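S.K.: Need coordinates for the following:
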Amino acid sequence: MKQGIYSIQKNRLIARDTWEMRLKGDTSALCRAGQFVNVKVGNAYLRRPLSPAAWDNESMTLIYKVVGRGTDWLAHCQTGDSLNLLTGLGNGFDTDVSGDRPVLIGGGAGLPPLYRLAEELLSKGKKPRLIMGFGSAAEIYYLKEFEALLPVTITCMDGSAGICGPVTGAKLQAGDDYLYACGPPPMLKALCAYPLKGQMSLEERMGCGFGACMGCTVRTANGAKRVCKEGPVFLKEELLW
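M.R.: Numbers count the residues shown, from 1 in each chain. Model prediction:
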């Protein structure tokens, strides 16, 4: 874990209530997709956890949805402003254990870490595909960016784009041999019925973000574990619903 000051290079609206922010600063603590950063927002007591969509040696890209005062504060930040971040938090996705044709499934605000994950899987010669789920077509983001990397299937709850309904409406295909998922708990619970081994990134309210407060503890088949420390990525098989 590292703490640092990051300069905002870009902060723009990319879909309904969804923003993309590019930050310049030290990214050396980020090792693999699925890790997260904890962002100090204004005078709020608690930081906001966000999983980067991408990073290089000197910058990272965050995608966030405005759902409350903290993310609304972020949406009002301007180019040149500075943010205080804790980086390199949590355990990310393990790309060595999957088969050659993993399926990635993301719902709404859960999609960002799957972009970096797709890049990591492709770098190892694997052929992933993506199912991305939204409430409506107005919420779709990063479609062109994902399509430049891998085959994409879209689902929308209101039927305004792609397959009508939740992500489970997009059926598994012959050849799918592993599952990576990130999204809201109801989505992840439904995906646990899929007959594939896999990994899931959990969403949970956090206090400290680095394992001290125990506030994000969940029950697993292997005992109580902290989402911010042992997670946010867990094996699909160890999750209890």
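S.K.: which residues of the chain fall in helices?
M.R.: Assigned by DSSP state H, the helices in the chain fall at 69-75, 112-123, 143-147, 185-191.
S.K.: Contacts for the first one next, please.
M.R.: In this case it means helix 69-75. 11, 13, 19, 21, 39, 41-42, 44, 46, 48, 64-66 (C-beta atoms under 8 Å, 6 or more residues apart in numbering). C-betas here are computed from N, CA, C, even on glycine.
S.K.: And for the longest one?
M.R.: Contact with helix 112-123 is made by 32-34, 36, 50-55, 62-63, 92-93, 95, 98, 102, 104, 106, 128, 130, 142, 145-146, 149-150, 180, 182, 201, as judged by C-beta under 8 Å, 6+ apart.
S.K.: Okay, domains of this protein per the record?
M.R.: Domains of the chain are assigned by automatic domain parsing as 2-89, 93-201, 204-241.
S.K.: Run through the residues that contact residue 10.
M.R.: For residue 10, the contacting residues are 20, 21, 22, 79, by C-beta under 8 Å, 6+ apart.
S.K.: one more time with 6 Å
M.R.: Residue 10 makes contact with residue 22, according to C-beta atoms under 6 Å, 6 or more residues apart in numbering.
S.K.: Quickly note the distance from the residue nearest the centre of the chain to residue 158.
M.R.: The centre of the chain sits closest to residue 113, judged by C-alpha atoms, centre = their mean, with a distance of 3.6 Å. Applying C-beta to C-beta, to the nearest Å, the value for residue 113 to residue 158 is 25 Å.
S.K.: Next: residue 49.
M.R.: From residue 49 to residue 158 the distance is 28 Å (C-beta to C-beta).
S.K.: Same check on residue 27?
M.R.: Per C-beta to C-beta, residue 27 is found 37 Å from residue 158.
S.K.: Would you mind telling me which of those two has the busier surroundings?
M.R.: residue 27 (22 against 13; other C-beta atoms under 10 Å).
S.K.: who's the closest residue to that one other than its chain neighbours bridged to?
M.R.: Nearest non-adjacent residue to residue 27, counting by C-beta to C-beta, 6 or more residues apart in numbering: residue 55, 4.6 Å away. Beta bridges link residue 55 to residue 60 when assigned by DSSP bridges.
S.K.: Can you get me a residue count around residue 55?
M.R.: Neighbours of residue 55 (other C-beta under 10 Å): 21.
S.K.: swap in residue 140?
M.R.: The number of residues packed around residue 140, counting by other C-beta under 10 Å, is 22.
S.K.: How about residue 24?
M.R.: 14.
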